[in-house]
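Engineer: fold the following and give me the result.
(one chain, ligands or ions: 1)
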Amino acid sequence: MEYHFNTLIIGGGPSGSSCGITLLKHGHDCCIVERSTFPRVKLCAGLFTHKSQECLKSILGPNVYTEVMRKSLMSQESVFSLYKGMQPLVSCNLQKEDNQPTSLRYTDCRISLVNRPVLDDLLVKNFVSLGGILLDNDAVKDIDFAKKTAILASGRTITYEHLVAADGANSITERALAAYDKTFVKKDKSALCIEINVDKDDVDVTGVNIYFDIVKGSYAWAFAKGEKVCIGLVKLPWQENTDVQHTMLDFCSRLGVRNMEKYPLRGAMLPFGNIMPRPVWNDNVFFVGDAAGLVEPLTGEGIYYALQSGQYAGESIVNGGTDSYIDKVAYLHGLIKKGRYYQSLLEMKLPSRFFFRHAPRNGRFISYFYLTQIEHATLDPFWKIIWKYKRKK
Ligand SMILES: Cc1cc2nc3c(=O)[nH]c(=O)nc-3n(C[C@H](O)[C@H](O)[C@H](O)COP(=O)(O)OP(=O)(O)OC[C@H]3O[C@@H](n4cnc5c(N)ncnc54)[C@H](O)[C@@H]3O)c2cc1C
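Structural biologist: Numbering: from 1, shown residues only. Next comes the predicted model:
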């Protein structure tokens, strides 16, 4: 069977849905091909920052946004704790009056954690309710870029004018394009994340906790979310000698996880600041979200970048092509490069020593940094963040 759509979107995660919803709202026909059926399993700690919420609101409109948040939000925390290994380093309270930068006018200084399978399911349902075509349980197997045709596992073929690669870290579009056009530059190797969701009766963890030095130069996390505690860690691509399974099992045992046999380890690739330098090809192929390497490496935050790049790609298809997409994505690249800079400092001996020595006495600055640079986002250099913080004090 053969189909034709103005835009074919490969992948129904947040980047694909956000692009599809944006296109439909502008009256453009499009189709999402998704290899799973929703709700699908998705490894994710579920950190959903203020900037992700604002972006989602602008994609869905305020009423649908409120409904989606009501159904997918699992918990909100105002305190987060940092550890060096298993030793407590500092606890940061985001709601302390003097952490809140007046320039940004926060109304809610809490960390929001969402249920990813539920969130993704609701986004795809919104796409369908607007008239979008979802071909789920069917994967794109090959793409003929010359004929603008995708071949699906079921044997269906789809011709398109625009192609949006929203197919995640191991993007088939990226691989197919690199084989077709040798000048196309792929993103670098991704990091490996391991994660489990433990029943809250099986581990004594509360709140949002980040553990440095469980994996050298990287971090692990334990986030209490409703009935579950999400535990995970990141191994960076160049940490080849780390036995990630053993490290994760050791971390879980140090956290005191009971009945560990109930929780098989699951892994997923995550681009960790390794952006695709030019996330477009010719005038009709757009890479968005993880497929374009849009993940901020200090926190591993990718949902915001997926939603935002999907929206940008949709708007660029409507308004005139790849150049406007590159211009808009440059801002996301700026945020990610800044995150990569901070993350690389944590891998270096002296800066990390400095951080571990001074963090315990500077919880308020860390809260301020988290609120301004992660929950919200600015391209401010470090000296300016300190200057604004001092001025506020
Ligand atoms: C362990 C872990 C924890 C994380 N925690 C957070 C967090 O707390 N906060 C945060 O903001 N981000 C987090 N992230 C990152 C975030 O999950 C991703 O950045 C985000 O999912 C990217 O969205 P996406 O739509 O680009 O890709 P995805 O969500 O990966 O969606 C891609 C979709 O494409 C489909 N697909 C792939 N290939 C094909 C094909 N050939 N044909 C059809 N469909 C295909 C897949 O089935 C999938 O549904 C985490 C990631 C991991 C791995």
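
Engineer: isn't residue 234 right up against residue 192?
Structural biologist: Yes. Assessed by C-beta atoms under 8 Å, residue 234 is found in contact with residue 192 at 7.4 Å. Placement of C-beta: from N, CA and C, glycine included.

Engineer: grab the nearest non-local neighbour of the spatially most central residue of the chain.
Structural biologist: In the chain, the residue lying closest to the centroid (C-alpha atoms, centre = their mean) is residue 302, at 1.3 Å. Distance criterion C-beta to C-beta, 6 or more residues apart in numbering; nearest residue to residue 302, sequence neighbours excluded, is residue 295 at 4.1 Å.

Engineer: list the contacts of the one you found.
Structural biologist: 270-273, 301-302, 305, 336 (C-beta atoms under 8 Å, 6 or more residues apart in numbering).

Engineer: pLDDT-wise, what's the bottom of these?
Structural biologist: Lowest pLDDT within those is found at residue 273 (79).

Engineer: residues contacting the closest residue to that one other than its chain neighbours?
Structural biologist: Leaving aside its sequence neighbours, residue 273 sits nearest to residue 297 (C-beta to C-beta, 6+ apart; 3.3 Å). Residue 297 sits next to 272-273, 336, 339-340, 343 when contact means C-beta under 8 Å, 6+ apart.

Engineer: neighbour-wise, give me the winner out of these.
Structural biologist: Highest neighbour count within these: residue 272, with 28 neighbours (other C-beta atoms under 10 Å).

Engineer: re earlier: which single one of the contacts of residue 297 is nearest to the ligand?
Structural biologist: The ligand has its nearest neighbour among the contacts of residue 297 in residue 272, at 9.9 Å by C-beta to the nearest ligand atom.

Engineer: pLDDT at residue 173, what is it?
Structural biologist: For residue 173, the predicted pLDDT is 98.

Engineer: give me the number of residues near residue 361?
Structural biologist: The number of residues near residue 361, taken as other C-beta under 10 Å, comes to 9.

Engineer: element containing the residue nearest to residue 166 when sequence neighbours are not counted?
Structural biologist: Of all residues not flanking residue 166 in the chain, residue 16 sits nearest, at 3.4 Å (C-beta to C-beta, 6+ apart). Using DSSP states H and E, residue 16 sits within helix 14-25.

Engineer: packing partners for that helix?
Structural biologist: For helix 14-25, the packing partners by 3 or more C-beta pairs under 8 Å, 6 or more residues apart in numbering; DSSP states H and E come out as strand 2-10, strand 30-34, helix 50-60, helix 116-129, helix 303-319.

Engineer: so which of those gets nearest the ligand?
Structural biologist: Of those, the one closest to the ligand (C-beta to the nearest ligand atom) turns out to be helix 303-319, at 3.4 Å.

Engineer: for the stretch 101-250 of the chain, which residues are neighbours of the ligand?
Structural biologist: 139-140, 166-168, 172, 193, 195, 232 (C-beta under 6 Å from any ligand atom).

Engineer: closest to residue 90 among these?
Structural biologist: residue 232 (21.0 Å; C-beta to C-beta).

Engineer: got the contact list for the residue nearest to the closest one when sequence neighbours are not counted?
Structural biologist: Of all residues not flanking residue 232 in the chain, residue 195 sits nearest, at 3.5 Å (C-beta to C-beta, 6+ apart). By C-beta under 8 Å, 6+ apart, the residues touching residue 195 are 43-45, 230-232, 265-268.

Engineer: among those, name the ones in helices.
Structural biologist: Assigned to helices by DSSP state H, none of the contacts of residue 195 qualify.

Engineer: among those, the buried ones, what's the ChimeraX command?
Structural biologist: To isolate the buried ones among these in ChimeraX, judged by 16 or more other C-beta atoms under 10 Å, type:
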select :43,44,45,230,231,232,268
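
Engineer: mind putting the contacts of residue 195 into CSV with distance to residue 220 and pLDDT?
Structural biologist: CSV is the format used below for those (distance: C-beta to C-beta, whole Å; pLDDT from 0 to 100):
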residue, distance to residue 220, pLDDT
43, 14, 93
44, 15, 94
45, 11, 94
230, 11, 96
231, 8, 97
232, 7, 97
265, 13, 95
266, 15, 94
267, 14, 95
268, 15, 95
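
Engineer: before we move on, the earlier item: where strands are concerned, which of the residues of the stretch 101-250 of the chain next to the ligand count?
Structural biologist: 140, 193, 195, 232 (DSSP state E).

Engineer: grab the longest helix from this structure for me.
Structural biologist: Looking across the chain with DSSP H, the single longest helix is helix 322-347.

Engineer: give the buried residues for it.
Structural biologist: So for helix 322-347, counting by 16+ other C-beta under 10 Å, buried means 322, 324-326, 328-329, 332-333, 335-336, 338-340, 342-343, 346.

Engineer: that helix - contacts with which helices or strands?
Structural biologist: Taking 3+ C-beta pairs under 8 Å, 6+ apart as contact, the helices and strands that helix 322-347 lies on are strand 280-281, helix 303-319, helix 349-358.

Engineer: which stretch among those comes nearest residue 261?
Structural biologist: Nearest of the helices and strands packed on helix 322-347 (C-beta to C-beta): helix 303-319, 30.9 Å.
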